[in-house]
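give the three-dimensional model of this entry:
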Amino acid sequence: MDGLVADAGHYYFSDTLNGSPSRATAVRDVVLLVLGTWLLMQSYFVPARLDQRRVVFAYCTTQKLAYSEETALALSVSNLVVQSGLLPGPHESCASDENGTQGNADDTAAFALYAPVGLLESLTIDIRGLNAVKLSSLGGVKISWTTNLSRHLLLSQHAGQHYLELFAFPCALQGDAARILASMGIPAELIDEIEASYATLFHPIKPSPIHKAFHGIFRYLIWLRRWCWCLGCRSRRLRTKALASLRSSKGQHHCIKFDPTLGTLMKKDATQWNQTEYAQLWPRIMALDAHLRQTKPWSFSVLFRDRRDTVQYWTFL
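Numbering: from 1, shown residues only. Purely as a prediction, here's the structure:
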């Protein structure tokens, strides 16, 4: 890694200056990605939650040290892998013996070095499960528009009611604004994530051709879009309602002007919630997902629609 950081002519890192912090970061990420792939343990060598690598975290935990990539990466690759304790072996039963819970089917003490959920799950959240419709209908969350960029996608609580705050003026992020804001400390990545989040929230899926054809035939006959219970139609109704609250001259958001860019961004194709696409907003996305998982049905109508707990749902039916 040190050789690649100092190499002024390496073709792969030509976009960074040799010896610079950005070169060091790029080299470290690429080298560890390659090593993790070769070792068939790629997910443990890339940054995950809190920007920590699982192999480094496991080594430092085993050695009773504070998290330090410098200390862990000073080892040889073989020593790092072996001393991390992530490979299966007799030490797992020893860890169970020390906690006095050997033989317990529910015992997880021996596997404390592993993530409590799979890294794939912690890095990706299904947009069918986390979107504005689910937050509204199952999480009891209302949409609140804000003019403060830093509060976008923030879950706040007022008088016992949860609100999802969304930035109301994405038109201010268009054109050359990203470069100007970046020069003042607001990263361009954050601006891209904010613009992409509107579609992921309000347009999580695209209707199938059969669904579109059916709606086209019966659109004016039975006003199917007004009562269809599919996620696409419910998202469309919620999107219309959210934009109408901004267009209205009365109500909670009467002081905020309507921005037509919102409608355009909401109708784009959605991108999956994952830590790669939403690195800046990821902690807030995780908080929304945690809230949705913890919220319990508060009425029969919600209980009837809530399929997160399948045993509860079918028992109710």
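
how far away is Q294 from I285?
Computed as C-beta to C-beta, to the nearest Å, the Q294 to I285 distance reads 15 Å. Glycine gets a C-beta too; all of them are placed from N, C-alpha and C.

of these two, which one has the most company?
I285 (20 against 8; other C-beta atoms under 10 Å).

which residues are in contact with the one helix or strand that one maps to?
According to DSSP states H and E, I285 maps onto helix 282-294. Residues from elsewhere that reach helix 282-294 (C-beta atoms under 8 Å, 6 or more residues apart in numbering): 125, 129-130, 134-135, 138-139, 141, 153-155, 162, 164, 273, 275, 278, 308.

tell me where the chain has strands.
Remark: strands assigned in the chain by DSSP state E are 124-125, 141-146, 154-158, 161-167, 273-274.

partners of the last one in the sheet?
Strand 273-274 has these partner strands in its sheet, going by DSSP bridges: strand 124-125 (antiparallel).

now stretch 44-62: how far from the chain's centre is it?
19 Å (C-alpha atoms, centre = their mean, to the nearest Å).

same question for stretch 168-178.
Per C-alpha atoms, centre = their mean, the centroid offset for stretch 168-178 relative to its chain is 23 Å.

can you list contacts of that stretch?
145-147, 181, 188, 191-192, 194-195, 198, 246, 253, 256-257, 259-262, 265.

got the domain ranges for this structure?
Domain ranges of the chain: 2-115, 123-316, per automatic domain parsing.

distance from the first one to the middle of the chain?
What it means is domain 2-115. 22 Å.

before we move on, what about stretch 158-175?
With C-alpha atoms, centre = their mean, you get 17 Å for stretch 158-175.

quick one: mean pLDDT over it.
Averaged across stretch 158-175, pLDDT comes to 90.

what comes up buried for it?
Using 16 or more other C-beta atoms under 10 Å as the test for burial, stretch 158-175 gives H162, Y163, L164, E165, L166, F167, A168, F169, P170, L173.

what of stretch 14-22?
Buried residues in stretch 14-22 (16+ other C-beta under 10 Å): T16, N18.

contacting residues around it?
V5, A6, D7, A8, H10, R23, A26.

just those residues now: which is nearest L73?
Nearest to L73 among the contacts of stretch 14-22 is V5, at 12.7 Å by C-beta to C-beta.

need the pLDDT of A72.
93.

next one: S93
Confidence score, pLDDT, at S93: 63.
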